[in-house]
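Enquirer: okay, here's the prediction I keep looking at, along with the sequence it came from:
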Amino acid sequence: MSAPDVPEVEYDSVDKYFGETHVLKDVSLSVEDGEVVVVVGPSGSGKSTLLRCTNRLEEIQGGEIRIEGESITDPDVDVNSLRQHIGMVFQSFNLFPHKTAVENVALGPQVVKGFEESEATKWATAMLDRVGLSDQADSYPNQLSGGQQQRVAIARALAMDPSVMLFDEVTSALDPELVGEVLEVMRNLAEEGMTMLVVTHEMGFAREVGDRVVLMSEGRIVESGPPADFFAHPETERARQFLARVH
Ligand code: ADP
Ligand code: MG
């Protein structure tokens, strides 16, 4: 846990280019310990890139990103150890099809943390319990619904005992009736005090679970505020346009 006055995640004037294309423009954002920040915005505005830079799946060209006060964008940072602190869940769950749910979750602790198999299995079972799937521990991915598979993917990320969780449109590929169970798991994590950065189109989740909503447009943060203000009294024309489209 970080000291109370150090943000868990800090983006400090971050610039990111893909070739000539400037995709993150002077992005500054602090996420406090235990805070849930929901990032919204149109497609192509840089939301995924922002998350991907946070665990060095992408490199930045300007500014700095800090986790618990320590720069992670320094060239000599140990990327593998960094990624243990940051859980990431994507739209596609990418579970190993020939491993059971509990084996999928146990793999990281075994390979990366050096847990013995029995210890890893016990830990993985506890993680499946956190996402409400302890009864499906021995099921293979193709025996699970999309919502259940995504919950296993969340358990897999939790198994590394991260200090922050990044969620990138984790319900976008799911059938509508399966979205709720995944959002419920995320809501529970938020209530447990997990620090979360959540990219989503689910405005109900943003409103009810978010401590803060951040709107991105064309690589910039154009508005940021508590959900009650963001949804009821957007300050910028961009935010008004965005809300008119999603409501
Ligand atoms: P969002 O998640 O908000 O839809 P992205 O972060 O995926 O936006 O993309 C932001 C911009 O960066 C877009 O213009 C996209 O085309 C571009 N982009 C994303 N990934 C790459 C890449 N690997 N190479 C080149 N351009 C990319
Ligand atoms: Mg995206």
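Expert: On my side now, so go ahead. Ligands and ions are numbered 1, 2, ... in the order given.
Enquirer: going forward, measure contacts between C-alpha atoms and count neighbours the same way
Expert: Noted.
Enquirer: where does the chain dip in pLDDT?
Expert: Residues of the chain that meet the criterion pLDDT under 70 lie in 1-4.
Enquirer: can we see that at 50?
Expert: With pLDDT under 50 as the threshold, the chain has low-confidence stretches at 2.
Enquirer: can you give me the helices for it?
Expert: Using DSSP state H, the helices found in the chain span residues 47-54, 79-85, 101-111, 117-130, 146-158, 176-191, 203-209, 227-232, 237-246.
Enquirer: out of the ones you listed, which gets nearest to ligand 1?
Expert: Ranking the helices of the chain by proximity to ligand 1 (Cα to the nearest ligand atom) places helix 47-54 first, at 3.6 Å.
Enquirer: show me how far that closest one is from its chain's centre.
Expert: Between the mean C-alpha point of helix 47-54 and the mean C-alpha point of its chain there is a distance of 9 Å (Cα atoms, centre = their mean, to the nearest Å).
Enquirer: same thing with stretch 178-194?
Expert: Between the mean C-alpha point of stretch 178-194 and the mean C-alpha point of its chain there is a distance of 12 Å (Cα atoms, centre = their mean).
Enquirer: and that stretch, which residues are buried?
Expert: Leu178, Val179, Glu181, Val182, Leu183, Val185, Met186, Arg187, Leu189, Ala190, Met194 (16 or more other Cα atoms under 10 Å).
Enquirer: how about JSON lines for the residues you listed, with distance to Glu237 added?
Expert: Shown next, in JSON lines, are the buried residues of stretch 178-194 (distance: Cα to Cα, whole Å):
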{"residue": "Leu178", "distance to Glu237": "34"}
{"residue": "Val179", "distance to Glu237": "30"}
{"residue": "Glu181", "distance to Glu237": "34"}
{"residue": "Val182", "distance to Glu237": "32"}
{"residue": "Leu183", "distance to Glu237": "29"}
{"residue": "Val185", "distance to Glu237": "34"}
{"residue": "Met186", "distance to Glu237": "30"}
{"residue": "Arg187", "distance to Glu237": "30"}
{"residue": "Leu189", "distance to Glu237": "33"}
{"residue": "Ala190", "distance to Glu237": "30"}
{"residue": "Met194", "distance to Glu237": "32"}
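Enquirer: who's in contact with the residue positioned nearest the centre of the chain?
Expert: In the chain, the centroid-proximal residue (Cα atoms, centre = their mean) is Leu166; its distance is 1.4 Å. The contact partners of Leu166, by Cα atoms under 8 Å, 6 or more residues apart in numbering, come to Leu51, Ile86, Gly87, Met88, Val89, Met196, Leu197, Val198.
Enquirer: likewise Arg130?
Expert: Contacts of Arg130 (Cα under 8 Å, 6+ apart): Ala155, Val185.
Enquirer: please renumber so the chain begins at 18
Expert: OK, 18 is where the count begins now, so the last one is Arg147.
Enquirer: pull out the buried residues from stretch 116-124.
Expert: With the criterion 16+ other Cα under 10 Å, stretch 116-124 contains buried residues Thr117, Ala118, Val119, Glu120, Asn121, Val122, Ala123, Leu124.
Enquirer: now do the contacts for the second one.
Expert: Translated: Ala118. With Cα under 8 Å, 6+ apart, Ala118 has these contacts: Gln153, Ala154, Asp155, Ser156, Tyr157, Pro158, Val169.
Enquirer: do I have it right that the fourth one meets Glu120?
Expert: Put plainly, it is Ser156. No. Using Cα atoms under 8 Å, Ser156 is not in contact with Glu120, being 9.7 Å away.
Enquirer: if I look at Asp50, how far off is Val148?
Expert: 21 Å (Cα to Cα, to the nearest Å).
Enquirer: if we can go back for a sec, any idea which of the helices of the chain is most buried?
Expert: Ranked by average neighbour count under the criterion mean count of other Cα atoms under 10 Å, the helices of the chain are headed by helix 163-175 at a mean of 25.
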